[in-house]
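Trainee: Predicted model, plus sequence, below.
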Amino acid sequence: MKIMPLQIAGLTIENPFILAPLAGYTDLPFRLLCREYGAGVVFSEMISCHGLLYEQQKTWDMTQSTPQERPIAMQLFGSEPDMMGKAAARLSQLPIDCIDINMGCPVKKVTKKGAGAALMKSPLLAAKIIRQVCANTTKPVTVKFRSGWTHQSINAPEFAQMAEEEGASAVTIHARTWSDGFSGTVDWQVIAQSKARVSIPVIGNGDINSYDQGLAMMKQTGCDGVMIGRGCLGRPWVFDRDNPADTAQLRLNALKRHLELIDQFCPPQWALGKIRNHAGKYFKSMRHGAEIRNRIYQAETFADLRQLVDNLLDGLLAEKPEEQGEQQADKY
């Protein structure tokens, strides 16, 4: 299958495999890492419109960026059209390439305020939000949402059409309902149905754990790009068109680079906490993986953790080729 660049308004994305916005994970170091492994565009964690407008430092910290990671999309969430429009205007002053609107988050603390996936139950309100965001930025605006609220109220195709009519330049569909959360089977048919209703790009999302799976989604649904979330945690090479062999050395090298980026861009007091959630995921389904994860969690300082990874990598490189073969990581 020939892969074509993804065009979102005036933004050209060479590789249509995209890093999803993931709360607690897609900070600057991880975004840079995924870009280095080939992600065509990277998305920030979801950013509160209220946090931006009320000048909350923790919220503004989430907008930290660097030219090396571009193209970069910042994702906004909220349920008040005026506030979302004003927040979009503030974001637009930053060196970013796209603004995404979160209309798919299923987390209760978000939906109980009428934001995230709850907006799929209120398409008129959702339309006003998209309209206000588009009116307050010259950046391309995209919208990420789900199949619907429940399996009895699948409305992604109609929602995609509404988003296009209100000015969105692309949509991303996580092909699960709010009621599914992050479990259940992803329904690719909903992505195909949505693609048939709009002329703007449609990006498919949900349970993509390899480049080949992403290609299959594009071929079967006709979607223009693929967004990868949990499938890239501990496996940032999933964006690589060359499909590198999933080995212990590949995982350790990726983690080592991740640690270097954290050391470069995060305050020292944050560094160890930033990496712990990520680090254990690099060794899932790997021989001796549980032992390695325990050693990672026991590291008392960031320097200790970096030394541990260097020692593991040195030990692996010192092994004979046949011993390295035994360390081959299991595929997902």
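Mentor: Cool, got the structure.

Trainee: which residue ranges form the strands in the stretch 51-200 of the chain?
Mentor: Under the criterion DSSP state E, counting those that start in this stretch, the stretch 51-200 of the chain contains strands at 72-77, 98-103, 141-148, 170-177.

Trainee: and residue 250, which of those is closest to it?
Mentor: Distances from residue 250 to each of these were compared using Cβ to Cβ; the minimum, 25.4 Å, belongs to strand 72-77. (Each C-beta comes from the backbone N, C-alpha and C, glycine too.)

Trainee: Can you spell out which helices and strands pack onto that closest one?
Mentor: strand 42-48, helix 81-91, strand 98-103 (3 or more Cβ pairs under 8 Å, 6 or more residues apart in numbering; DSSP states H and E).

Trainee: Return the most buried member of these.
Mentor: Sort the helices and strands packed on strand 72-77 by mean neighbour count, taking mean count of other Cβ atoms under 10 Å, and strand 98-103 sits at the top with a mean of 26.

Trainee: For it, the averaged confidence score.
Mentor: If you average the pLDDT over strand 98-103, you get 98.

Trainee: Now it - C-alpha only, PDB.
Mentor: Extracted C-alpha coordinates of strand 98-103, given in PDB (Å, rounded to 0.1, in the frame of the first residue of the first chain):
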ATOM      1  CA  CYS A  98      -2.800  22.900  14.700                       C
ATOM      2  CA  ILE A  99      -5.400  23.100  17.400                       C
ATOM      3  CA  ASP A 100      -7.400  20.000  18.300                       C
ATOM      4  CA  ILE A 101     -10.700  19.900  20.200                       C
ATOM      5  CA  ASN A 102     -11.200  17.000  22.600                       C
ATOM      6  CA  MET A 103     -14.700  15.600  22.200                       C
END
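
Trainee: Figure out how far that strand is from the centre of its chain.
Mentor: In terms of Cα atoms, centre = their mean, to the nearest Å, the centre of strand 98-103 is set 12 Å apart from its chain centre.

Trainee: tilt between it and strand 141-148?
Mentor: Put simply, strand 98-103 runs at 30 degrees to strand 141-148, going by axes from the mean of the first three to the mean of the last three Cα atoms, to 10 degrees.

Trainee: Number the residues from 11 up from this point.
Mentor: Will do, 11 is the new start, and the previous item becomes strand 108-113.

Trainee: Strand 108-113 pairs with which strands, and in what direction?
Mentor: Taking DSSP bridges as the criterion, strand 108-113 sits next to strand 82-87 (parallel), strand 151-158 (parallel) in its sheet.

Trainee: Turn these into JSON lines, columns for mean pLDDT and distance to residue 173.
Mentor: What follows is the strands paired with strand 108-113, written out as JSON lines (pLDDT from 0 to 100; distance: least, Cβ to Cβ, whole Å):
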{"stretch": "strand 82-87", "mean pLDDT": "98", "distance to residue 173": "14"}
{"stretch": "strand 151-158", "mean pLDDT": "98", "distance to residue 173": "5"}
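
Trainee: residues in contact with residue 234?
Mentor: The neighbourhood of residue 234, defined by Cβ atoms under 8 Å, 6 or more residues apart in numbering, consists of 16, 26, 180, 205, 211-213, 228.

Trainee: among those residues, which are in strands?
Mentor: For those, membership in strands holds for 16, 180, 212-213, with DSSP state E as the criterion.

Trainee: among the residues you listed, which ones are buried?
Mentor: Buried residues within those, defined by neighbour count using 16 or more other Cβ atoms under 10 Å: 16, 180, 212-213.

Trainee: Backbone dihedrals for residue 90, please?
Mentor: Backbone dihedrals for residue 90, given as degrees, to the nearest 10, come out at phi -110, psi 110.

Trainee: do you know which of the strands of the stretch 61-210 of the chain lies nearest residue 261?
Mentor: Put simply, out of these the one that sits nearest residue 261 is strand 82-87, at 25.6 Å, with distance taken as Cβ to Cβ.

Trainee: what's next to that closest one, contact-wise?
Mentor: Contact partners of strand 82-87, identified using Cβ under 8 Å, 6+ apart, comprise 31, 41, 51-59, 73, 75, 94, 97-98, 101, 104, 106-112, 115, 120, 125-126, 143, 152, 154.

Trainee: so that strand versus strand 180-187, what angle?
Mentor: Using the same axes, to 10 degrees, strand 82-87 lies at 50 degrees relative to strand 180-187.

Trainee: May I have strand 82-87 exported as PDB, CA atoms only?
Mentor: C-alpha atoms of strand 82-87 as PDB (Å, rounded to 0.1, in the frame of the first residue of the first chain):
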ATOM      1  CA  ILE A  82       2.800  19.900  16.800                       C
ATOM      2  CA  ALA A  83      -0.900  20.100  17.600                       C
ATOM      3  CA  MET A  84      -2.200  21.300  21.000                       C
ATOM      4  CA  GLN A  85      -5.400  19.700  22.200                       C
ATOM      5  CA  LEU A  86      -8.000  21.900  24.100                       C
ATOM      6  CA  PHE A  87     -10.900  20.700  26.200                       C
END
